[in-house]
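Colleague: Attaching a predicted model along with its sequence, questions to come.
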Amino acid sequence: MQTTVRAPITFDGIGLHSGQKTRMTIYPASAEHGIWFKRVDIALGDTMVPARWDIVEQSPLCTKLVNSAGVTVSTVEHVMAALAGCGVHNALIEIDGPEVPILDGSSHPFVQGILGRGVQEVLAPVRAIEILETVTYETDDGWARLSPADGLTMEFHIDFRDSAIGQQKRRLDLANGAFVRELCDSRTFCRQADVETMQSNGLALGGRPGENAVVFDGDHVTSPGGLRHSDEPVRHKMLDALGDLALAGVPIIGHYEGSRAGHAMTNNLLRKVFSTPGAFRMVVCDDTTAAKLPGAGVHSDEVPAVA
């Protein structure tokens, strides 16, 4: 069965890039509603923004949605990953600003809130996109790929010249709540030089090293408290990828692999999948298939504790 959140969940925080204070509330929604954002700070016009791959305005820094009226919601990837990782198919997300609050830079607060309130079934079958043929999107910087698989599995490779990050690789089967246990607490990260460049250009105005981002400088982690995982950067890249894949609108059954991939690359991969005849099919999940999807059977006691 499809699911929604059991009760409203509110989050207050600042936007990572805008620095603007924002309140966001996730509300229950009916079957077949999907995930939608609503800008409650805008009085006139179309304020509803669907969480959908084909309205993404591509950016290397975050995932930004823009509806046909030009209304935007940005940095949606962490809450989308949380919803997908908790198995939530339907929700209305009201937000009073242009950017989802960054909170601690991971999906952990969203996951904790969703599972703390609980998830409830609604009377509709779960549909999924089954990948039938391997599709790759490649640039000079890296590549992303979806290929056939039995459930949703993921493999990611990163390579940074900062020795504190370096080369990292991780593979994960996202069934049985693995996202919640293994990825949800991994925070966004950046290099110190990039922070200075972004802020001088009016970006990352809400960045607070140690509070909502991990900052690396050569062979040092400059953020107080250090890392939550020795490979936290590649785990966060996988978190981002799940959030961006969730914009397909339904779960994906396939193997995602990314090498130095980012938000724009994953979105372009989805665009290529949907424009390639025979690359996928929509299926209604039986109980066995649904049990392999992210979030199936996950419980609040599986949420990792964070400092």
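Modeller: Nice, thanks for sending it over.

Colleague: Can you pull the domain assignment for this structure?
Modeller: As recorded under automatic domain parsing, the domains making up the chain are 2-122, 127-302.

Colleague: okay, the residue of the chain positioned farthest from its centre: pLDDT?
Modeller: Largest separation from the mean C-alpha position in the chain: residue 44, at 28.9 Å (Cα atoms, centre = their mean). Here the pLDDT value assigned to residue 44 is 94.

Colleague: The protein: helices as residue ranges?
Modeller: Under the criterion DSSP state H, the chain carries helices at the ranges 77-85, 108-117, 178, 192-200, 232-245, 263-274, 287-290.

Colleague: Make JSON lines out of those and add mean pLDDT.
Modeller: JSON lines is the format used below for the helices of the chain (pLDDT from 0 to 100):
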{"stretch": "helix 77-85", "mean pLDDT": "98"}
{"stretch": "helix 108-117", "mean pLDDT": "97"}
{"stretch": "helix 178", "mean pLDDT": "96"}
{"stretch": "helix 192-200", "mean pLDDT": "68"}
{"stretch": "helix 232-245", "mean pLDDT": "97"}
{"stretch": "helix 263-274", "mean pLDDT": "97"}
{"stretch": "helix 287-290", "mean pLDDT": "93"}
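
Colleague: Please identify the deepest-packed of those helices.
Modeller: Mean neighbours per residue, mean count of other Cβ atoms under 10 Å, is largest over the helices of the chain for helix 77-85, with a mean of 28. Every residue, glycine included, has its C-beta placed from N, CA and C.

Colleague: Which elements pack onto that helix?
Modeller: When contacts are defined as 3 or more Cβ pairs under 8 Å, 6 or more residues apart in numbering; DSSP states H and E, helix 77-85 sits against strand 21-27, helix 108-117, helix 232-245.

Colleague: Specify the stretch among these that is closest to residue 295.
Modeller: Nearest to residue 295, of all these, is helix 108-117, at 9.3 Å by Cβ to Cβ.

Colleague: picking up where we left off before, wait, which of the helices and strands packed on helix 77-85 is closest to residue 79?
Modeller: Residue 79 sits nearest to helix 108-117 of all the helices and strands packed on helix 77-85, at 5.1 Å, using Cβ to Cβ.

Colleague: which residues are in contact with that closest one?
Modeller: Helix 108-117 has contacts (Cβ atoms under 8 Å, 6 or more residues apart in numbering) with 5-9, 11, 26, 78-79, 82-83, 85-86, 88, 103, 180, 184-185, 298-300, 302-304, 306.

Colleague: how near is the residue lying closest to residue 285 once chain neighbours are set aside to residue 79?
Modeller: Among residues not flanking residue 285 along the chain, residue 126 sits closest, at 4.4 Å (Cβ to Cβ, 6 or more residues apart in numbering). Residue 126 sits 20 Å away from residue 79, going by Cβ to Cβ, to the nearest Å.

Colleague: got it, and residue 298?
Modeller: 16 Å.

Colleague: With residue 34 instead?
Modeller: 14 Å.

Colleague: before we move on, what about residue 304?
Modeller: 18 Å.

Colleague: what do you get for residue 229?
Modeller: In terms of Cβ to Cβ, residue 229 sits 21 Å off from residue 79.

Colleague: ok, now residue 149?
Modeller: Distance of residue 149 to residue 79, given as Cβ to Cβ: 25 Å.

Colleague: one step back: the residue nearest to residue 285: what's it in contact with?
Modeller: Contact analysis of residue 126 by Cβ under 8 Å, 6+ apart lists 1, 2, 89, 250, 251, 284, 285, 290, 293.

Colleague: Strands - which of those residues land there?
Modeller: Residues of the contacts of residue 126 located in strands (DSSP state E): 2, 284.
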